[in-house]
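Q: What follows is a predicted protein model with its sequence.
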Amino acid sequence: MYADIILPVPLNELFTYSVPASLEHLAVPGARVYVPFGKGRRLTGLIIRTHGNKPTQHETKEILSVLDDTCPSVLPQQLKLMEWMSRYYICPPGDVFKAALPSGLRPDSSAKEQLYKPRITVFVRLGQNSSPEFGKTAVKQKELYERFLELSGIKDDFSQTKPVTKRALMEGSKTASSFRALEDNGILETYEVETGRLPQFKGSLIEPAALSEAQQKALDGIHESFKSKNVCLLHGVTSSGKTEVYIHLIREMLAQGKQVLYLVPEIALTTQLTDRLKKVFSKQLGVYHSRFSDMERVEIYKDLLNSTEPKVILSARSGVFLPFRNLGLVIVDEEHDSSFKQQDPAPRYHARSVAVVMAKAANASVLLGTATPAIESYYNAQTGKYRLVEMSERYAGLSLPRIGLVDLKRQYHRKEMFEHFADPLVERINKQLAEGKQIIIFQNRRGYAPYIGCKRCGYVPKCCNCDVSLTYHKRTNTLVCHYCGYTVSAPQSCPNCQGEWRDFGVGTEKIEDEVTGLFPEARVARMDLDTTRNKNSHQRIINAFARHEVDILIGTQMVTKGLHFNDVSLVAVLNADSMMQSPDFRSSERAFQMLEQVAGRAGRTGSQGEVIIQTFQPDNPLYAYLQKHDYKSFYTAQLGERKTFRFPPFYRLVVLTLKHRDYTRLDTAARELSERLRKVFGNRCSDVIIPPIARVQNMHLRTIRLRIEANASFAQAKAILMQHVRYVQTLPNCKGTVIQPDVDPM
Ligand code: ADP
Ligand code: ZN
C-alpha cells in the first residue's frame, strides 16, 4: 500500500511513501505519520489518501510510524478545507498543514518544536497494607504516614477523604527515602492523573440578559434568514447590543447539542468579552488563544477532536482550523476587521471566507456581525447572496455620538493650537475632566516621532535593511524600524555634521507628553504595541481604565476595537487625514470603519457621547457620512468608485509580490512576468508596481496586480497566472526570485 502525504515543506506537491504491512490498518486519511525526508531528516506528515499505485518515477521510502493510533488527528472535512485553501489561496499544502496543526502535534527530528505531552499529576493513596506498624527506627516514616492521614482527611472522617498530591505531601523537609520505604511496604502507593493546562472557570454562572424588543426582533430575523441562506449579516450600530444577541443564539445552539465557533479579530483585546462569556457558558466555553502556549492549544484541539459535546470556542482567525465534529454556527464578530486576513506567512487566508466555506460543508450557519460592514459583505447582502438583519438603534435608547470637526488649517492659521491640540479640543477635554468623565485620544502611530532629521544638513536616519526612515522612540531613546524591528540607540547629534535633531510627525509617545503637559491633573495611560508586549499588559491597561483609575487613554487602533467603558464621554481623533492618504483602494473604507468604531466607544451609558475629529480636509465627503452615521450612503458612494476603478466586489484581485536580494534580477523578473501576463490578460494585469516601501529586510520588492471580473472563472485565471509565474522563475536571469501570490488582498 502507498500513501500520499502532505509534508510541512514549501513545495507544491504531495509525497508518496510506502506503508509497511504492519501499519496498514492505521494508515488512513487524516492520520499523522512520521517519515524520513532528505538526508537524515524526519518529519511529521499527514495522509491525504492511500492507494495501490506504485510510483514509477522514483523509489519510495517507508513510513516510520503512524502517530495516531485511535483516531486520525485531522477529520475528513478538515482535509477538504485544507485542500480548498491550498487551491484557492495558491499556496503549498505544506503551508496550510503548518498553519492548521499546533506545532506540538507535528514533531520533527530537528526537535525545535516541543512535542505535546499531557501534564501529569502524581497523587498518593493508601496501599494494600492497611495496618502498618512502625519500628523505633522508622520515626520519619511514621511522621510522613500521619501527615498523609491528616491531609487526606482520613483521620477525621473516613467517608470524606480528599485527594492528596505527592507534592503536597512531600512539602517541607520530608525525605524521599522514607516515602520509598512506605511504598515498598505497601503502606502508601502513588497513582497518576492527566490534568489539563486549560484554566478552569470558578465562580457563579449568570443567566444571559433578557433581550430588548429590538434585539429579539434581530434574533428572530436571524433565525428566519437561516432558513433560506446559510450566511446572515447583522448590521447593528455600535452599542446596539450585538453581543447579547450572539449569546442568546449560542445558547440555543448549545441546547440543540451543537458546537459554535466565535471568531473575533484580536483575542488579546477581548478580555471583557471572555469574562462575559465565561459567566454564561462556563465549561462549555473554550478560548483558543495565540498567546496561549502550544500545549494549551493542543489541549483544545484534542478536546474537540475527541468529542461531539456542545461547545463554544472563542478564537482569533486560526480557529477555522479546529476539528469541529458537530458545528452548528460560526459567528464572525467585527467581520470588517482586516486582522481576519493573514498577511504572512502563507496561507494568506481570510478567516471570513474560510468560515463561509467551512460552515457550508458542515451544513452550519454563519453570522457576520458589525457596525461597519466590509463593502464586499454588504454587497453580498444587497445582492441576495447573504441575508441582512439590521439594528439601527443603540441599546437602552442611547443616542449615537455627536461628531464634531475641527479645521486644522484654520486653527494653525489663527495660531489657536497648543502643539497638536486645537483650542476647542482642549476646552472640551477640560470640561469632561471637570465633570469626572473619561476621554480616549486616538493617534494611529506609535513611537515619539515617525522620523527625525538633522536641522543643519537634513540627514534622516534610515533602516539599513529597509527603505524607510527610523521611528524615534523617546522612552527607550532608540530609533526603530517598524518593518523589520531593527533598533539602534538614538545618536546624540547628526553623525554627518554634529547638527541638532529635529523631529517630524507625531506618535503616541509625543501625544502622551503633550497630554501630561496640557492636563497635569489627569491620570494618563497609553495603549499601543510598545506598552502591551507582555502577556497581561492589555488587560491591565483596559482594567485600570474600566475601573476609572485612568482619566485619559491614548492609543492606536487598539483602542477602537469592541471595548466598552461606562464613563467615556469624549473621543478625540488628532489627525484623521493620514488614514485617508494611502493610495490603497480600501483606505476610505478603512478610515470610515476606524472612525465609526472609535467614535462608538463614546457615550455607551448615560448621556450622548461626543467625538472631535481634527482634520485639514473637513470637506472630505467621508465626514458628512460619518456625522450622520450614514453607512448606507457611504457604501453607495464607495461602490460607485469600486465599479469605476475596477475593484472588488466587481473584480477579484490577486497581487503578486516579487522579492529578491539582487535588484537587477528582480527588475528583470518583474518586467518579464508583467509583459507575459499582459499578453494573456490585457489590461487586467498591471504594469510593474514599485511599492511605497521598495525594500524590506534586504529584499527588494515589486508587485503586479491582476484583476479578474467577478463573473469570470477565477480558478482558471489563477491557473494561467501560475503557469507564467513558474515559467519566469525558471529563467536564468530571473533565478532566485521569490513570487508570492496574495489572493483577495486586504
Ligand atoms: P455592540 O456589540 O453592539 O457594540 P454590546 O453588546 O457591547 O454592543 O452592548 C452594549 C451595552 O449594552 C453593553 O454594556 C451591554 O451590557 C448592554 N446590553 C446590551 N443588551 C443588553 C440587554 N439585553 N440587557 C442588558 N444590557 C444590555
Ligand atoms: Zn527595517
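A: Cool, the structure landed. For clarity, every value in this text was computed on a predicted model and none was experimentally measured. Ligands and ions are numbered 1, 2, ... in the order given.

Q: Show residues contacting stretch 497-506.
A: 420, 443, 445, 448-457, 459, 472, 493-494, 510, 574-575 (CB atoms under 8 Å, 6 or more residues apart in numbering). The way it works is simple: take the backbone N, C-alpha and C, and place the C-beta from them, glycine included.

Q: The same query, at a cut-off of 7 Å, please.
A: 420, 443, 445, 448-457, 472, 493-494 (CB atoms under 7 Å, 6 or more residues apart in numbering).

Q: Please flag which of the residues you listed sit within strands.
A: If you go by DSSP state E, the contacts of stretch 497-506 have 451-454, 472 in strands.

Q: filter the residues you listed by proximity to ligand 2?
A: With respect to ligand 2, and counting by CB under 5 Å from the ion, no part of these is in contact.

Q: Just the closest of these to residue 140, please.
A: residue 472 (64.7 Å; CB to CB).

Q: Residue 602: what's its closest spatial neighbour, skipping adjacent residues?
A: Closest residue in space to residue 602, ignoring its immediate chain neighbours: residue 609 at 2.9 Å, by CB to CB, 6 or more residues apart in numbering.

Q: dump the residue contacts of that neighbour.
A: Residue 609 neighbours (CB under 7 Å, 6+ apart): 401, 568-569, 602-603.

Q: any idea of the mean pLDDT in the helix or strand encompassing residue 611?
A: Following DSSP states H and E, one finds residue 611 within strand 610-615. If you average the pLDDT over strand 610-615, you get 94.

Q: Packing partners of that strand?
A: Applying 3 or more CB pairs under 7 Å, 6 or more residues apart in numbering; DSSP states H and E, one finds that strand 610-615 makes contact with strand 402-407, helix 423-434, strand 568-573.

Q: between those, which gets nearest to ligand 2?
A: Shortest distance between ligand 2 and these, using CB to the ion, is found for strand 568-573: 28.3 Å.

Q: how big is the angle separating the closest one from strand 402-407?
A: 30 degrees (axes from the mean of the first three to the mean of the last three CA atoms, to 10 degrees).

Q: Ok, which of the helices and strands packed on strand 610-615 comes nearest ligand 1?
A: strand 568-573 (12.0 Å; CB to the nearest ligand atom).

Q: Can you pull out the residues in contact with the next helix-or-strand element following the closest one?
A: Going down the chain from strand 568-573, the next helix or strand is helix 577-580, by DSSP H and E. If you take CB under 7 Å, 6+ apart as the criterion, helix 577-580 is touched by 444, 587-588, 590-591, 594, 615-617, 620, 622.

Q: Sort out which residues of helix 577-580 are buried, please.
A: Buried residues in helix 577-580, counted by 16 or more other CB atoms under 10 Å: 578-580.

Q: Out of these, which are close to ligand 1?
A: Applying CB under 6 Å from any ligand atom, the subset of the buried residues of helix 577-580 adjacent to ligand 1 is empty.

Q: just these now: which is nearest residue 82?
A: Distances from residue 82 to the buried residues of helix 577-580, taken by CB to CB, are shortest for residue 579, at 35.9 Å.

Q: Could you measure from the closest one over to ligand 2?
A: 23 Å (CB to the ion, to the nearest Å).

Q: just residue 460 next, same as before
A: From residue 460 to ligand 2 the distance is 14 Å (CB to the ion).

Q: Model confidence for that residue, exactly?
A: 95.

Q: Could you do residue 534 as well?
A: Looking at residue 534, the pLDDT reads 84.

Q: Please list the residues of the protein that sit near ligand 1.
A: 209-212, 215, 236, 238-244, 395, 564, 604.

Q: If we go by neighbour counts, what in stretch 708-716 is buried?
A: Those would be 708, 714, for stretch 708-716 by 16+ other CB under 10 Å.

Q: follow-up on the earlier one: pipe the ones in strands among the contacts of stretch 497-506 into TSV and attach distance to residue 723, pLDDT and neighbour count per row.
A: Shown next, in TSV, are the ones in strands among the contacts of stretch 497-506 (distance: CB to CB, whole Å; pLDDT from 0 to 100; neighbours: other CB atoms under 10 Å):
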residue	distance to residue 723	pLDDT	neighbour count
451	43	93	17
452	48	94	23
453	47	95	18
454	51	95	19
472	47	95	25
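
Q: where in the chain is pLDDT low?
A: 109-117, 158-160, 173-174, 196-204, 268-269, 290-291, 562 (pLDDT under 70).

Q: and the longest helix seen in the chain, what other elements does it pack with?
A: Looking across the chain with DSSP state H, the single longest helix is helix 663-681. Contacts defined by 3+ CB pairs under 7 Å, 6+ apart place helix 663-681 against strand 651-660, strand 699-709, helix 714-730.

Q: Which one of these lies nearest to ligand 2?
A: Nearest to ligand 2, of these and by CB to the ion, is strand 699-709 at 10.8 Å.

Q: Kindly format the C-alpha coordinates of that closest one as CSV.
A: Provided in CSV are the C-alpha atoms of strand 699-709 (Å, rounded to 0.1, in the frame of the first residue of the first chain):
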residue,chain,number,x,y,z
MET,A,699,14.7,42.1,-0.1
HIS,A,700,13.9,44.4,-3.0
LEU,A,701,10.2,44.4,-3.7
ARG,A,702,7.9,44.7,-6.8
THR,A,703,4.3,44.0,-7.1
ILE,A,704,2.0,43.1,-10.0
ARG,A,705,-1.8,43.2,-9.7
LEU,A,706,-4.2,41.1,-11.6
ARG,A,707,-7.9,41.8,-11.6
ILE,A,708,-10.5,39.3,-12.8
GLU,A,709,-14.2,40.1,-13.5
